[in-house]
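Student: sequence? don't have it. structure:
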């Protein structure tokens, strides 16, 4: 899968612009593997605002509960109800079906403060 259009945070979230300033947000494959089986998601409702690098929710796995941090600022326009109802989608397909939020970004410049796929891979490989 080509992940060149994705941008990554050091907290292991990703953002991908899908049209104009509308973007999807989720967690990385690396993060879901570290968490193990995801059993619950707590994410904001549509209309809520998220701020770059600030906590916006929680993800619970059989191992632990972890905070979710927004990779970019904006207004939540949609929650992935399928992933909320079936959190295992985050494990099965973190970059496509397992996305968490659709957000109308405040400023595309937020993306400049994130890592490319190659930079993110270098970071996680340095940790293993």
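Tutor: Nice, thanks for sending it over. Please read all numbers here as calculations on a predicted model, not as lab measurements.
Student: Please name the residues that touch residue 67.
Tutor: Residues counted as contacts of residue 67 (CB atoms under 8 Å, 6 or more residues apart in numbering) are 55, 57-58. For glycine as for every other residue, the C-beta is placed from the backbone atoms N, C-alpha and C.
Student: Swap in 10 Å and give it another go.
Tutor: Going by CB atoms under 10 Å, 6 or more residues apart in numbering, residue 67 touches 11, 42, 54-59.
Student: Spatially central residue for the chain, please.
Tutor: Taking CA atoms, centre = their mean as the criterion, residue 26 is the residue nearest the geometric centre of the chain, at 2.1 Å.
Student: Could you report the distance from the spatially closest residue to that one that is not a sequence neighbour to residue 122?
Tutor: Nearest non-adjacent residue to residue 26, counting by CB to CB, 6 or more residues apart in numbering: residue 99, 4.2 Å away. Counting by CB to CB, to the nearest Å, the gap from residue 99 to residue 122 is 24 Å.
Student: Which residue of those two possesses the greater neighbour count?
Tutor: Taking other CB atoms under 10 Å, residue 99 and residue 122 do not tie; residue 99 has more neighbours (25 against 11).
Student: which residues does that one contact?
Tutor: Residues in contact with residue 99, defined by CB under 10 Å, 6+ apart, are 14-16, 18, 23-27, 78-80, 82-83, 89-90, 93.
Student: Which residue is the nearest non-sequential neighbour of residue 18?
Tutor: residue 24 (5.8 Å).
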